[in-house]
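[1] Sequence plus the predicted model coming up.
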Amino acid sequence: MAVIHKIGRRKTAVARVYVSEGTGKITVNKKEFATYFPTATLQYKVMQPLQMTENAGNFDVKVNVYGGGTTGQAEAVRMALSRAMCEVGEGNRAILKPEGLLTRDPRMVERKKFGQKKARKRFQFSKR
């Protein structure tokens with residue numbers, strides 16, 4: 001099997017994932033997976049497509065991720081891994097699609113407008 005390269009995006013985070021056959025080692029930006037994503041929630045999000053398709057120990061995964069925060073990065077990696085698992089086996093798509101792991105989440109941060117404090121919040125109006 002050759003190396004599978006897929007891209008996942010979430011908010012402003014972009015993840016490039018390289019999946020090859022191996023022992024289940026995951027490296028993110030040349031760091032160990034558990035040190036880059038320290039919380040159990042983020043680790044669960046990243047491992048979700050591998051565990052659902054029962055491929056947790058079958059592939060080595062190299063990830064380059066940039067932009068956004070830790071949650072956005074973890075969800076971008078999850079999407080890229082889901083796309084890679086679909087290419088590994090045709091039956092995996094039927095497992096991942098109902099869970100919504102193959103759907104790109106389009107929600108982005110709304111821009112701040114001039115004359116306002118934030119995107120929707122306005123400056124306080126005071127009547128003297």
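    That came through fine.

[2] residue closest to the middle of the protein?
    The structure's the chain has its C-alpha centroid closest to residue 76; by C-alpha atoms, centre = their mean the separation is 2.0 Å.

[3] I'd say that residue and residue 64 touch.
    No: the pair residue 76 / residue 64 is not scored as a contact, 10.7 Å apart, by C-beta atoms under 8 Å. All C-beta spots, glycine's among them, are computed from the backbone N, C-alpha and C.

[4] Now for those two: what residues contact both?
    residue 15 (C-beta atoms under 8 Å, 6 or more residues apart in numbering).

[5] Show me where this protein has its strands.
    Using DSSP state E, the strands of the chain run over residues 4-10, 13-21, 26-28, 31-32, 59-66.

[6] Now do the longest one: which elements does it pack against?
    By that I understand strand 13-21. For strand 13-21, the packing partners by 3 or more C-beta pairs under 8 Å, 6 or more residues apart in numbering; DSSP states H and E come out as strand 4-10, strand 59-66, helix 70-88.

[7] Same question for the longest one: list its buried residues.
    Judged by neighbour count (16 or more other C-beta atoms under 10 Å), helix 70-88 contains these buried residues: 71-86, 88.

[8] Please verify my assumption that residue 99 contacts residue 52.
    Yes: the pair residue 99 / residue 52 is scored as a contact, 6.9 Å apart, by C-beta under 8 Å.

[9] ok, these two, which is more surrounded?
    Using other C-beta atoms under 10 Å as the criterion, residue 99 and residue 52 rank with residue 52 on top: 16 against 12.

[10] measure that one to residue 37 for me?
    Look at residue 52 and residue 37: by C-beta to C-beta, to the nearest Å, they are 18 Å apart.

[11] ok, back up a step: export the helices and strands packed on strand 13-21 as TSV, with columns for distance to residue 105 and mean pLDDT.
    Shown next, in TSV, are these (distance: least, C-beta to C-beta, whole Å; pLDDT from 0 to 100):
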stretch	distance to residue 105	mean pLDDT
strand 4-10	6	95
strand 59-66	16	94
helix 70-88	7	94
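
[12] All set, thanks.
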